[in-house]
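*Asks:* This is the structure alone, sequence omitted:
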């Protein structure tokens, strides 16, 4: 197992607070974070503050029990892929969802410089409707 995989894995396997702290420490100052089209927070966010505000603060306030559980990690040089399942209940509707996802990370000099999300957004949209 490589250092890049360890860096990414540390952003998933602790408590929400621990994962958030690990993510902030792992992100490059100009990290690019792309949420998939069709996902409620679709778009590209640049820099840790934009990523936290545009994605993670919204997940924390708009969903109950939101979690990203990874079942498989893969590493290929400076790229790390995480495959898993989101779960949570959308506060506004009270509907729960489970949706498969893949996250593709690019790591440079020990920092995450890019993340691209792939997700079954239909399951997420159904919980929000």
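*Replies:* Great, that's in hand. Quick caveat: nothing in here was measured; it's all calculated off a predicted structure. Numbering: from 1, shown residues only.

*Asks:* Between the two ends of stretch 47-61, how far is it?
*Replies:* End-to-end distance for stretch 47-61, by CA to CA, to the nearest Å: 21 Å.

*Asks:* contacting residues around it?
*Replies:* If you take CB atoms under 8 Å, 6 or more residues apart in numbering as the criterion, stretch 47-61 is touched by 16, 20, 23-24, 27, 29-31, 33, 35, 40-41, 43, 45, 66, 88, 91. Yep, even glycine has a C-beta here, placed from its N, CA and C like the rest.

*Asks:* ok, now with 7 Å
*Replies:* 20, 24, 27, 29-31, 33, 35, 41, 45, 66 (CB atoms under 7 Å, 6 or more residues apart in numbering).

*Asks:* Weed out the non-buried ones from the residues you listed.
*Replies:* Buried by 16 or more other CB atoms under 10 Å: 27, 31, 33, 35, 41, 45, 66, out of those.

*Asks:* Any figure for the gap between the closest residue in space to the first one that isn't next to it in sequence and residue 38?
*Replies:* Translated: residue 27. Nearest residue to residue 27 in three dimensions, chain neighbours excluded: residue 48, at 4.6 Å (CB to CB, 6 or more residues apart in numbering). Noted for residue 48: a distance of 25 Å to residue 38, by CB to CB, to the nearest Å.
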